[in-house]
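Peer 1: Got a predicted structure here, sequence first:
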Amino acid sequence: MGVLELIAAARAWHRHVEVALAPPGPDDLRGGRALRQQCQILADRAPNITLAQVPGWAEVAGWLADAAAVIIPCRRPASSMTALEALSQGTPVIAYNTGILSDLLLPLQHGSRRLLADVMHGPNALLFLTDGLLADLASYRAACQAAYWRVQDLRPARVAQLFCSALP
């Protein structure tokens, strides 16, 4: 998944990291619990890392809007729901250049505003990209605006509108 590697790398980072793990699904109760325990052990050893409770559905949008950036450390192609939700709040997303996340984030990359890291460079590349984005106010502001506008055509109301307009 990548979250353990990200936490291990972030222990030496100068920024605070809040990690939230989605609750395990019904098919993965033991694996999800073991992952949470491993993440908690690593987080307990680093003063700059907090293992946070996943907010309730009604609070997710505000929680993501309050984040400076969202890092998605999945090394394999993964669902983009968290990325879509963060982008809809104007929060930049940093991820590996894989699957649908690549398709979603590639149009947002311009010049020094890089949001996708190659998997072979590992979690330090994600932290490096995040650091670079947060250190450049102009690039950060542009990434926030681009993030918001990127997902406007993917909102359910817009998709329904486009679908209905295509009907005879």
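Peer 2: Yep, that arrived.

Peer 1: Need the per-residue pLDDT for the nearest residue to R75 once chain neighbours are set aside.
Peer 2: The shortest distance from R75 to any non-neighbouring residue, by C-beta to C-beta, 6 or more residues apart in numbering, is to G2 (4.8 Å). C-beta here means a position set from N, CA and C on the backbone, and glycine is covered the same way. What the model reports for G2 is a pLDDT of 89.

Peer 1: give me the element W149 is part of.
Peer 2: If you go by DSSP states H and E, W149 is part of helix 137-150.

Peer 1: buried sites along that helix?
Peer 2: Neighbour-count burial for helix 137-150, with 16 or more other C-beta atoms under 10 Å as criterion, is recorded at S139, Y140, A142, A143, C144, A146, A147, R150.

Peer 1: circling back: what's near enough to touch the residue nearest to R75?
Peer 2: Contact analysis of G2 by C-beta atoms under 8 Å, 6 or more residues apart in numbering lists P73, C74, R75, Y96, P123.

Peer 1: Tell me which two of those sit farthest apart.
Peer 2: The most widely separated members of those, counting by C-beta to C-beta, are C74 and P123 (11.1 Å).

Peer 1: ok, back up a step: what helices and strands are in contact with the helix holding W149?
Peer 2: Using 3 or more C-beta pairs under 8 Å, 6 or more residues apart in numbering; DSSP states H and E as the contact definition, the elements that helix 137-150 packs against are helix 81-88, helix 123-135.
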